[in-house]
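Any chance you could fold what I've pasted below:
(one chain, ligands or ions: 1)
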Amino acid sequence: MKAALFYGTTTGNTGDIADKIKGSWDAGELELFDVADSSLSAAKDFDILIFAIPTWDYGEVQEDWLEVWNEVDQLDFSGKQAAFIGLGDQFGYPEWFVDAMGMLHDKIVAKGAEIVGHWSVEGYEFEESKALTDDKKHFIGLALDEDWQRDQTDERISDWLDQVKLELGVF
Ligand SMILES: Cc1cc2nc3c(=O)[nH]c(=O)nc-3n(C[C@H](O)[C@H](O)[C@H](O)COP(=O)(O)O)c2cc1C
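Prediction:
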């Protein structure tokens with residue numbers, strides 16, 4: 001199955017994570033797309049889609065993602081499996097932690113994708129997030145905090161990828 005990872009990044013953290021995911025992905029081809037210079041329409045050629053998005057400016061969508069935000073509404077994600085990675089700062093912005101990941105998730109779900117890769121909130125400290133499951137025990141994707149918990153990132157990525165591959169049946 002062909003996989004693609006779409007990401008946007010302002011100060012480089014999400015770009016670095018995209019490179020790490022590509023380096024760790026061992027379930028066939030994984031193509032990276034920086035949304036600053038790629039159209040989301042490329043998603044139609046892939047079965048597995050990973051979306052990586054940081055939150056900026058008190059719960060706002062990162063600037064390059066904002067440029068392609070309305071493209072999502074033109075696309076059909078039915079029959080595709082999608083997973084999300086959200087970057088944020090839980091202590092600097094505890095009321096808006098990884099909000100943009102939740103906002104993107106809601107749009108992609110509305111266009112028919114099946115979601116894999118929910119991730120426990122244990123080990124994080126924050127007040128509110130738009131990226132939680134209904135029972136608030138999980139994020140709807142992998143939350144990463146490069147500002148305060150960078151030392152946990154590699155292990156989180158490794159564990160999450162194992163889980164995602166299992167859920168996708170591509171391990
Ligand atoms: C001005 C500013 C506003 C931010 N706002 C939020 C926010 O509302 N929620 C959050 O979780 N993180 C917030 N962050 C943290 C960034 O999401 C975090 O630093 C992320 O790793 C940046 O990713 P990037 O380098 O790929 O752009 C903010 C950071 C800055 C500098």
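
switch to C-alpha atoms for all contacts and neighbour counts from now on
Noted.

Mind naming the longest strand for this structure?
Secondary structure of the chain per DSSP state E: the longest strand is strand 48-56.

So what are the sheet partners of that one and their directions?
Here strand 48-56 is paired, per DSSP bridges, with strand 3-7 (parallel), strand 60-61 (antiparallel), strand 81-87 (parallel).

Going along the chain, name the strands of this protein.
3-7, 30-34, 48-56, 60-61, 81-87, 114-115, 119-120, 138-139, 142-144.

Same list, the ones you listed, but as JSON lines with mean neighbour count please.
Output for the strands of the chain, formatted as JSON lines (neighbours: other Cα atoms under 10 Å):
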{"stretch": "strand 3-7", "mean neighbour count": "23"}
{"stretch": "strand 30-34", "mean neighbour count": "18"}
{"stretch": "strand 48-56", "mean neighbour count": "25"}
{"stretch": "strand 60-61", "mean neighbour count": "19"}
{"stretch": "strand 81-87", "mean neighbour count": "25"}
{"stretch": "strand 114-115", "mean neighbour count": "19"}
{"stretch": "strand 119-120", "mean neighbour count": "19"}
{"stretch": "strand 138-139", "mean neighbour count": "22"}
{"stretch": "strand 142-144", "mean neighbour count": "27"}
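
and of these, who's closest to the ligand?
For the ligand, the closest of those is strand 48-56, at 3.6 Å, according to Cα to the nearest ligand atom.

The closest one and the ligand in contact?
Yes: counting by Cα under 6 Å from any ligand atom, the ligand has neighbours in strand 48-56: 54-56.

now swap in stretch 59-76 and tell me
Yes: using Cα under 6 Å from any ligand atom, stretch 59-76 reaches the ligand at residue 59.

Between the two ends of that stretch, how far is it?
Stretch 59-76 stretches 26 Å from its first residue to its last (Cα to Cα, to the nearest Å).

State the pLDDT value of residue 51.
At residue 51, the model reports a pLDDT of 98.

and it, what are its bridge partners?
Beta bridges link residue 51 to residue 6, residue 84 when assigned by DSSP bridges.

Go ahead and confirm it touches residue 84.
Yes: the pair residue 51 and residue 84 passes the contact test of Cα atoms under 8 Å, sitting 4.9 Å apart.

At the contact with the ligand, which residues of the chain appear?
Proximity of the chain to the ligand, by Cα under 6 Å from any ligand atom, involves residues 9-15, 54-59, 87-90, 93, 96-98, 146-147.

Just the buried ones among those, please.
For the residues of the chain next to the ligand, a burial check counting by 16 or more other Cα atoms under 10 Å picks out 9, 13-15, 54-56, 59, 87-90, 93, 96-98, 146.
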